[in-house]
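# Sequence below, structure please.
(one chain, ligands or ions: 2)
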Amino acid sequence: MYQIKLLNKISPAGLENFDRDLYSWAEEMEEPDAIMVRSASMHDMELPKSVKAIARAGAGVNNIPCDECAANGVVVFNTPGANANAVKELVLLGLLISSRKVAPSMEWIKTLKGEGDQVSKLVEKGKGKFVGPEISGKALGVIGLGAIGVLVCNAASALGMKVYGYDPYLSVDAAWGLSHKIQHATSLKEIYENCDYITVHVPCNKETKGMINSESIAMMKNGVRLLNFARGELVDSADILEALDEKKVSCYVTDFVTDEQIGHPGVVAFPHLGASTPESEDNCARMAALELIDYLENGNIKNSVNMPAASMPKSKYTRLCVIHKNVPSIISKITTVLSDNQINIENMVNSSKQEMAYTMMDVSGTVSDSVTDILTAEDGIIRIRVI
Ligand SMILES: NC(=O)C1=CN([C@@H]2O[C@H](COP(=O)(O)OP(=O)(O)OC[C@H]3O[C@@H](n4cnc5c(N)ncnc54)[C@H](O)[C@@H]3O)[C@@H](O)[C@H]2O)C=CC1
Ligand SMILES: O=C(O)CCC(=O)C(=O)O
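Ligands and ions are numbered 1, 2, ... in the order given. Sure, this is the predicted structure:
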């Protein structure tokens, strides 16, 4: 029986993919084979040795110690693109709400309760305070052209915006998805200097943390509107508040508010709602569950952020799955141990990603515990599974 520990609420649309005869799942599990998580931070968690895989039902993996997991042979999956449409839709709302003073106007309307026949007169008299510009014809800078960034670019362009896209690591797939109308920005400076609205859609990592700070804001147009539906740590909180006070930035729309930002008139904040639609929760949970099933039952790796992709159709043979370091001569060490033990390799796949590598072999002959013990003791071999 495979045990799946749930660190967050995971949609039943995902969980129903687990065969009840083979899997059990719960929030508490003594020796889980795998973990399903959304945004819960796993950095201070001690993982039981039984954990073979973690599936993040979502895109961002900054809540998971991915490198440490790799070093311990724990495969971390995410669900690329599964919640991108949900985020795109909220970004479109963010663009409009950063322009038109919708939120304060709705609050003001409530103050008119009890004015009876005077309401319509007061509305017409007071609405002038809530004038805001249209987005059509304005320039939007999109930083990060992945699953979300591409959708945002195309949708904003269709709404009449002039869109600049910046991504030094643009994938071929993403490039295919971008409308030809999107202006290719070759530097962040180009985005900062030209755009009336800027939205960030990059992962939070060493390179991107704090990328929006007093220095980058200084390069932006006066009155720029900034949207952050990616991660709070991308934006220096003190610097954005100062820029809002000085009216350099006229609005900061964020899905990741900090204590000091709450209540600032220039801040429009949502409680990390980007992916909170039933459609995206179902999509993410389904993709995450299927990734775990394919890994636990077949050894196949798809959409891992810390291991190479590798797949082979399941055959009648015993499958040996080896996570190892990407260094010379490991494969020959493995094959030597196997041949010394009269084990023949029928099918094999090997792939690598940076310092990690994965070798999957369908073998005939008996893979005894002593064989796996010999292999595990080899320098550079991190984890072995026999399926
Ligand atoms: N608010 C929410 O609920 C959600 C937030 N997110 C956040 O949005 C981020 C992006 O999500 P996706 O588009 O699905 O991910 P993705 O992985 O498809 O796209 C990220 C893109 O950023 C690019 N990138 C990386 N470093 C960059 C840099 N220094 N400058 C410019 N581009 C850079 C990559 O090349 C990639 O194309 C996630 O990492 C996550 O933090 C994602 C989903 C939901
Ligand atoms: O699961 C969620 O609601 C958060 C989604 C998210 O932030 C992500 O996918 O990176």
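# For Asn283, pull up the helix or strand it's in.
With the criterion set as DSSP states H and E, the secondary-structure element containing Asn283 is helix 278-298.
# Look up the pLDDT of the nearest residue to Met42 once chain neighbours are set aside for me, please.
Distance criterion Cβ to Cβ, 6 or more residues apart in numbering; nearest residue to Met42, sequence neighbours excluded, is Ile64 at 5.0 Å. (C-beta placed from N, C-alpha, C; glycine too.) Per-residue pLDDT puts Ile64 at 98.
# Correct me if wrong: Ile64 contacts Arg38.
No: look at Ile64 against Arg38 with Cβ atoms under 8 Å: they stay out of range, at 10.9 Å.
# tell me which strands and helices the helix or strand harbouring Tyr164 is in contact with?
Here Tyr164 sits within strand 162-166, counting by DSSP H and E. Secondary structure elements in contact with strand 162-166, counted by 3 or more Cβ pairs under 8 Å, 6 or more residues apart in numbering; DSSP states H and E, are strand 139-143, helix 147-158, strand 183-184, helix 188-194.
# Ligand 2: which of these is closest?
The closest of those to ligand 2 is helix 147-158. By Cβ to the nearest ligand atom, the value is 9.2 Å.
# and stretch 131-147 with ligand 2, contact?
No: against ligand 2, stretch 131-147 shows no contacts by Cβ under 6 Å from any ligand atom, the least distance being 9.7 Å.
# and that stretch with ligand 1, contact?
Yes: for stretch 131-147 and ligand 1, the contact criterion (Cβ under 6 Å from any ligand atom) is met by Ile143, Gly144, Leu145, Gly146, Ala147.
# Just among those residues, which is most surrounded?
Neighbours were tallied for each of the residues of stretch 131-147 next to ligand 1 (criterion: other Cβ atoms under 10 Å), and the maximum of 27 neighbours falls on Leu145.
# what's near enough to touch the residue of the stretch 151-300 of the chain found nearest ligand 1?
Of the residues in the stretch 151-300 of the chain, the one nearest ligand 1 is Gly274, at a distance of 2.5 Å by Cβ to the nearest ligand atom. Taking Cβ atoms under 8 Å, 6 or more residues apart in numbering as the definition of contact, the neighbours of Gly274 are Asn83, Ala86, Val87, Leu90, Phe229, Asp255.
# could those be laid out in TSV, adding secondary structure?
Output for those, formatted as TSV (DSSP: H, G, I helix; E, B strand; the rest coil):
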residue	secondary structure
Asn83	coil
Ala86	helix
Val87	helix
Leu90	helix
Phe229	coil
Asp255	coil
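# Among these, name the ones that also lie close to ligand 1.
With Cβ under 6 Å from any ligand atom as the criterion, the members of the contacts of Gly274 in contact with ligand 1 are Asn83, Val87, Phe229, Asp255.
# Need the residues that contact the helix holding Asn283.
With Cβ under 8 Å, 6+ apart, helix 278-298 has contacts from 2, 4, 10-15, 17-18, 22, 33-34, 36, 38, 52-53, 55-58, 75, 77-79, 82-83, 85-87, 275, 300-303, 311-312, 314, 319, 387.
# next SSE after it?
With elements assigned by DSSP H and E, the helix or strand that comes after helix 278-298 is strand 318-325.
# who does that next one pair up with?
Within its sheet, strand 318-325 is paired with strand 356-364 (antiparallel), strand 381-386 (antiparallel), according to DSSP bridges.
# what residues are up against the residue nearest the centre of the chain?
Within the chain, one residue has its C-alpha closest to the average C-alpha position: by Cα atoms, centre = their mean, that is Ala59, at 1.8 Å. Ala59 makes contact with Asn78, Thr79, Pro80, Gly81, Ala82, Asn83, Ala84, Gly146, Ala147, Ile148, Pro203 under the criterion Cβ under 8 Å, 6+ apart.
# doesn't it fall inside a strand?
No: assessed with three-state DSSP, Ala59 is coil; it does not lie in a strand.
# pLDDT at it, what is it?
On pLDDT, Ala59 comes in at 98.
# Enumerate the residues of the stretch 201-350 of the chain near ligand 2.
So far as Cβ under 6 Å from any ligand atom goes, the stretch 201-350 of the chain lies against ligand 2 at Gly274, Ala275, Ser276.
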